[in-house]
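Colleague: Can you look at this prediction? I've put the sequence above it.
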Amino acid sequence: MFSSNSSQVSSSTTPKVLALGLSSSPYILVYSWGTTGFRGTYSNPATLPTGTGNGIAFSPDGLAVAVAHSITPFVTAYPWSGSGFGTKYSDPATLPTGAGNGVAFSPNGANLAVAHTTTPFISVYPWSGSGFGTKYSNPASLPAGLGFDVAFNADSSAIAVAQQNTPFISAYPWSGSGFGTKYSNPATLPSSQALSINFSPDGSALAVSTDLTPFVTAYPWSGSGFGTKYANPATLPTGQANGVAFSPNSGAIAVAHVTTPFISTYPWSGSGFGTKYTNPATLPTGTGVSVDFSPDGATIAVGHATTPFMSAYPWSGSAFGTKYTNPTSLPPVTASSIAWGTVGNVQYPQFVAVAHTTTPFVSAYPWSSALGFGAKFTNPVTLPPSQGLAVAFTPDGSAIAVTDSGSPYISTYPWSGSGFGTKFSNPATLPTGQGNDVAFSPDNSAIAVAHTTTPFVTAYPWSGSGFGTKYSNPATLPASDGQGVAFSPDNSAIAVAHTTTPFISAYPWSGSGFGTKYSNPATLPASDGKKVAFSPNSLAIAVTHATTPFISAYPWSGSGFGTKYANPATLPTGDGRGVAFSPNGSEIALAHLITPFISAYPWSGSGFGTKYANPATLPASTGTDLAFSPDGLAIAESHGITPFVTAYPWSASGFGTKYANPTTLPPASGFGVAFTQITS
């Protein structure tokens, strides 16, 4: 129920993540944040905090995050990076003695403090890249009762505790030796127990929130301690105040409280409180329990007791902007604490999915290019009806599709940081046969399925509601069973790989659907087309096929196919299956049937470069599909023998050391693999 102290300092002016302490498992939840608001959720830490996350804070350099919580060890800390949580730091040798309520890093990054429920009510530890050091000695004069929150001042020369009993606030000089002699109590005490505490970032003031009127109390602060209490704001918060925070420029102060409007903000200056700002147009939906400004001061976030459990608003320094859209995946419970961090993954959270031949027919995992596979997501409530043959995510990460060997041949689900949502309704007009491949258009407005029976390709409008009315079939159909389908990244074309000559068919694409088929390439693929891919700049197209050279690539333009590129000097060793260009277009890779089962080449406007060395640990068997991660730092292949999916780091040097297999493997032969990142 307490605010963080992350707005005291920041190592960057760009907020990247917003972290919440929660009142039930997983107790901590972190969102990626972009210029338009919430992006997606990071994977939960491997070792969760053990109880309600009452306080949360990032280290000043953004490379660690700590949670004060209700069950032993009462404080938990993790390395933090753009990939999310690292392996939990060892617990401090001397634990806090009771439930952790508030946590703060000193602005110089050298210490971490925890306010807690039993004597000595505050515990402070040296902090380094190795984690907790040996606990500092307790202050000579202890806080008078249960510690609700803790804060360091801007230059790390003082520490203050919000507490349950009079004098409700205790402050001490702080140095590398620990606590100094307690400062004299303020002449005018807070009115009641102090629930949250914060120093202004400019170091000139200290504020506490309380459970009785006036609900917020502030004092000048100096090296001598407390000055004469500032006058109360003319318009008080309307009820018990659970959180208080200053803006990074010390020009505003915000209070989260229990009755409407649940958040109150005021100008702040050397004279104290100014006239209360107008309430936001869309109020938080219930009791305000925590509040924090982003490090650049451009956003204010409020944790509250009813769904959506948090609200975020642009902040101009003079008023609330229009509330940001809620994240796709909401917190499950009250956001007991809230904090901004300055280190985030600019590529946003990533995920990987595998289509396979036995139930549940699709398996999905969180993905980190630093750590590999996370814990498998819960299966969708409504499973695909039969073996999964291909899988794809929408480009914005909001939906996932799996093609099936049996009717309805395509199954689609909302996708979020929490995994699968409730299955979308089947399209009104189903594909006519086994779904062999699926693709979403780059603008998220269409979905196409390659399948075994005429018309061999079927496409539909796509929206947040699912399938629209089927587009008309192309005037000139693919010649036979559709095996692969892809949209060009510029959204101007769609291509289908199929089993009989010309083995590939391509069409203009628009909001009206298929245009008139492009002329066949002058040099056709050598045999039945398997999968197809466009380069990221839409200037090349590649198709895999069943006989040598196993892959054919062509320049691509608004006129269609150009003259076939020369075959790679070192050919793949067998029937080509999946094909993919790296996100930056500088590499091309394919999955194939004979060892080494995967081959990759540099790619340029001249075509194939010299084949990369095979990975040191090969996939276990026949490669069926492959994909690069959205950040281009990993490549994964699905294949026919356990572990059914294999992934490697990827760089300009080629394959890195194989990632560990997922803890929960797909249960059978993998036939499709796809990555995504949530970008909306």
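Modeller: Ah, there it is.

Colleague: how about the nearest residue to Asn279, chain neighbours excluded?
Modeller: In space, and not counting its chain neighbours, Asn279 is closest to Pro261: 4.2 Å by CB to CB, 6 or more residues apart in numbering. Heads up, the C-betas are built off the backbone N, CA and C, glycines and all.

Colleague: Determine the number of other residues adjacent to that neighbour.
Modeller: When neighbours are defined as other CB atoms under 10 Å, Pro261 has 16 of them.

Colleague: what pLDDT does the nearest residue to Phe487 once chain neighbours are set aside get?
Modeller: Excluding the flanking residues, the one nearest Phe487 by CB to CB, 6+ apart is Ser441, at 4.7 Å. On the pLDDT scale, Ser441 is placed at 98.

Colleague: just checking, Pro26 touches Leu48?
Modeller: Yes - contact status for Pro26 versus Leu48: in contact at 5.1 Å, counting by CB atoms under 8 Å.

Colleague: Of those two, which one has the most company?
Modeller: Between Pro26 and Leu48, Leu48 has the larger neighbour count (other CB under 10 Å), namely 17 against 14.

Colleague: quick one on the thing from earlier: hmm, Leu283 and the residue nearest to Asn279 touching each other?
Modeller: Yes - counting by CB under 8 Å, Pro261 touches Leu283, with 5.0 Å between them.

Colleague: Tell me which residues touch the residue nearest to Phe487, please.
Modeller: Ser441 makes contacts with 447-448, 462, 487, 491, 509, as judged by CB atoms under 8 Å, 6 or more residues apart in numbering.

Colleague: Make CSV from those and add pLDDT, distance to Phe550 and neighbour count to it.
Modeller: Putting those into CSV (pLDDT from 0 to 100; distance: CB to CB, whole Å; neighbours: other CB atoms under 10 Å) gives the following:
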residue, pLDDT, distance to Phe550, neighbour count
Ile447, 98, 28, 26
Ala448, 98, 24, 29
Trp462, 98, 32, 23
Phe487, 98, 23, 23
Asn491, 96, 29, 16
Trp509, 98, 27, 22
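
Colleague: between those, which is closest to Leu383?
Modeller: Set against Leu383, the nearest of the contacts of Ser441 by CB to CB is Ile447 (19.4 Å).

Colleague: Spell out the secondary structure type for the closest one.
Modeller: strand (DSSP: H, G, I helix; E, B strand; the rest coil).

Colleague: since we're on Ala254, how many residues are nearby?
Modeller: Around Ala254 there are 28 other residues, counting by other CB under 10 Å.

Colleague: quick one: contacts for it?
Modeller: Residues near Ala254 by CB under 8 Å, 6+ apart: 244-247, 263-266, 291, 293, 300.

Colleague: Who wins on neighbours among those?
Modeller: Among those, Val291 has the most neighbours (other CB under 10 Å), with 34 neighbours.

Colleague: so that residue sits in a helix?
Modeller: No - Val291: not assigned to a helix; according to three-state DSSP it is strand.

Colleague: Surely it and His304 touch.
Modeller: No - contact criterion CB under 8 Å: Val291 and His304 do not qualify, at 9.5 Å.

Colleague: what sits in contact with each of the two?
Modeller: Ala256.

Colleague: Pull the distance from the least confident helix or strand in the chain by mean pLDDT to the chain's centre.
Modeller: Taking mean pLDDT, DSSP states H and E as the measure, the helix or strand of the chain with the lowest value is strand 37-41, at a mean of 78. The chain centroid and the centroid of strand 37-41 are separated by 6 Å under CA atoms, centre = their mean, to the nearest Å.

Colleague: Following element in sequence after it, please.
Modeller: With elements assigned by DSSP states H and E, the helix or strand that comes after strand 37-41 is strand 53-58.

Colleague: Now do that following strand: which elements does it pack against?
Modeller: Judged by 3 or more CB pairs under 8 Å, 6 or more residues apart in numbering; DSSP states H and E, strand 53-58 is in contact with strand 17-22, strand 64-69, strand 100-105, strand 335-341.

Colleague: hang on, the earlier thing: the residue nearest to Asn279: what's it in contact with?
Modeller: Contacts of Pro261 (CB under 8 Å, 6+ apart): 238, 279-280, 283-284.

Colleague: wait, is it part of a strand?
Modeller: No - read with three-state DSSP, Pro261 is coil and lies in no strand.

Colleague: how near is the residue nearest to Thr275 when sequence neighbours are not counted to Phe273?
Modeller: Closest residue to Thr275 apart from its sequence neighbours, by CB to CB, 6+ apart: Ala234 at 6.5 Å. From Ala234 over to Phe273 the distance is 7 Å, taken as CB to CB, to the nearest Å.

Colleague: Which of these two has more residues huddled nearby?
Modeller: The residue with more neighbours, out of Ala234 and Phe273, is Phe273; 21 against 10, by other CB under 10 Å.

Colleague: who does the more buried one bridge with?
Modeller: Beta-bridge partners recorded for Phe273 (DSSP bridges): Trp268.

Colleague: what's the distance between it and Ser209?
Modeller: Distance from Phe273 to Ser209, counting by CB to CB: 13 Å.

Colleague: And for the protein, the residue most distant from the center?
Modeller: Relative to the centre of the chain, and counting by CA atoms, centre = their mean, the farthest-placed residue is Ala187 at 47.1 Å.

Colleague: That one: helix or strand, and which one exactly?
Modeller: Per DSSP H and E, there is no helix or strand for Ala187.

Colleague: neighbours of the nearest residue to it once chain neighbours are set aside, just the number please.
Modeller: Distances taken as CB to CB, 6+ apart place Thr228 nearest to Ala187, at 6.5 Å, with adjacent residues excluded. Per other CB under 10 Å, the neighbour tally for Thr228 reads 10.

Colleague: just Thr573 next, same as before
Modeller: Thr573 has 15 nearby residues by other CB under 10 Å.

Colleague: correct me, but it touches Ala591?
Modeller: No - if you go by CB under 8 Å, Thr573 and Ala591 don't touch, sitting 11.5 Å apart.
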